[in-house]
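Undergrad: sequence and predicted structure, then a few things I'm wondering about:
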Amino acid sequence: MGSLEGKVALITGGGAGIGSSIVERFLNEQAKVCVFDLSEKRLALLKEKFGERIHTVCGDVKNYQDNERAVSSTVNCFGKLDSFVANAGVFDGFNKLLDLKPDVLNEAYEELFSINVKGYLFGARAALPELMKTKGNMIFTISGASFYPDGGGVLYTASKHAGLGLIRQLAFESAPNVRVNGVAPGGTITDLTITPSLRPYSISKTSGEREASIKNRNPLRMAMQPEDHVSSYVLLASDQSRAITGEVISSDGGLGVRGLS
Ligand SMILES: NC(=O)c1ccc[n+]([C@@H]2O[C@H](COP(=O)([O-])OP(=O)(O)OC[C@H]3O[C@@H](n4cnc5c(N)ncnc54)[C@H](O)[C@@H]3O)[C@@H](O)[C@H]2O)c1
């Protein structure tokens, strides 16, 4: 028996990277899963791979109506919602504030915050009424950048700190009915997208360079794979964590114990 047997989950950004590993593991744990993603192509590939075991919704987390459609479509298909996983996110390419021309700031801010912060907030608002009915839970993918500098540039770090604020306030507001927690991955080998307006400012690294730089930054010397994080999501989605709310599992190779040298 899977630890999520009988549960229904909605996962944003489940088409690639960390999200698609969560989807696969939740299915292995016998959950029914709806994937909400921008990419029709990625959703079609998931459908081809998992067939009737998953439901897909193509849409943009920036739009409130799309979030509402994802929730109602999940409930129409599977009858209820137990877990909402807010995961779709974009990156800023490690750009420092002075590296950015003032005329790109507004666009970059809008692009990044509207996915990494507003997308989570909209998804939470759309999902909450259904989660209240099932005494369910929300899990937000945040980041090492939610706690420490230099896990991205200033925009990404600020957006991921905001994600931590969303978790804490929503855990407070949603108790006693709905638990709200987070998982904070460290640098992970995915194709995390740099938001369009910042691409011209960003230096692209080969996959080897990326792997080496991630390994050098954490005490466990790991270039993490998406699969390294998924057990944390399973725990937080399952009834085994029924006493846990407002918490974040750091899955980052030990960023908190880096020391001073
Ligand atoms: N990769 C890392 O090093 C890392 C580290 C810490 C935290 N994170 C966080 O993990 C999450 C997932 O990152 P990833 O590396 O797996 O990214 P990814 O780019 O590999 O996958 C993201 C998925 O989200 C979808 N998406 C993007 N914008 C969307 C939108 N507006 N609406 C709906 N879907 C959208 C994409 O189509 C894609 O399928 C993000 O929140 C990211 O900030 C990533």
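TA: Structure's in. What do you need? Residues are numbered from 1 along each chain as shown.
Undergrad: any idea of the pLDDT on D239?
TA: Looking at D239, its pLDDT reads 97.
Undergrad: ditto for P102
TA: For P102, the pLDDT comes out at 95.
Undergrad: OK, contacts around the spatially most central residue of the chain?
TA: When CA atoms, centre = their mean is applied to the chain, the residue found nearest the centroid is N87 (1.9 Å). Each residue near N87 by CB atoms under 8 Å, 6 or more residues apart in numbering is listed here: 11-14, 18-19, 22, 140-141. To be clear about C-beta, it is placed using only N, CA and C from the backbone, and glycine gets the same treatment.
Undergrad: now do the phi/psi pair for it.
TA: Backbone torsions for N87, taken as degrees, to the nearest 10, come to phi -140, psi -30.
Undergrad: also F122?
TA: phi -60, psi -40.
Undergrad: and the residue nearest to the centre of the chain, how far from N106?
TA: To N106, N87 is 26 Å away according to CB to CB, to the nearest Å.
Undergrad: before we move on, what about I194?
TA: Going from I194 to N106 by CB to CB gives 17 Å.
Undergrad: neighbour count winner among the two?
TA: Per other CB atoms under 10 Å, whichever of I194 and N106 has more neighbours is I194, with 20 against 10.
Undergrad: so that one touches A108, yeah?
TA: No: between I194 and A108 there is no contact under CB atoms under 8 Å: 10.1 Å.
Undergrad: and for those two, which residues touch both?
TA: Residues touching both I194 and A108 by CB under 8 Å, 6+ apart: D92.
Undergrad: phi, psi of the nearest residue to G79 once chain neighbours are set aside?
TA: With CB to CB, 6 or more residues apart in numbering as the criterion, G79 has its nearest non-adjacent residue at 7.2 Å, and that residue is V8. Main-chain torsions, V8, degrees, to the nearest 10: phi -120, psi 130.
Undergrad: next one: S204
TA: phi -90, psi 140.
Undergrad: residues in contact with the residue in the stretch 51-200 of the chain that the ligand sits nearest to?
TA: Residue nearest to the ligand within the stretch 51-200 of the chain (CB to the nearest ligand atom): G89, separated by 2.3 Å. Residues near G89 by CB under 8 Å, 6+ apart: 13, 115-116, 119, 141, 192.
Undergrad: if we go to 7 Å?
TA: With contact taken as CB atoms under 7 Å, 6 or more residues apart in numbering, G89 is in contact with 13, 115-116, 141.
Undergrad: closest to R42 among these?
TA: Proximity of these to R42 was ranked by CB to CB; the top entry is G13 with 9.5 Å.
Undergrad: hang on, the earlier thing: farthest-separated two in the contacts of G89?
TA: Most distant of those, by CB to CB, are I115 and T141, 11.9 Å apart.
Undergrad: neighbour count: these two, which is higher?
TA: More neighbours surround T141 than the other of I115 and T141, with 27 against 22 (other CB under 10 Å).
Undergrad: about what we covered before: give me the subset of the contacts of N87 touching the ligand.
TA: Among those, the ones lying near the ligand by CB under 6 Å from any ligand atom are 12-13, 18-19, 141.
Undergrad: name the member of those residues with the most neighbours.
TA: Within these, most neighbours by other CB under 10 Å means T12, with 31 neighbours.
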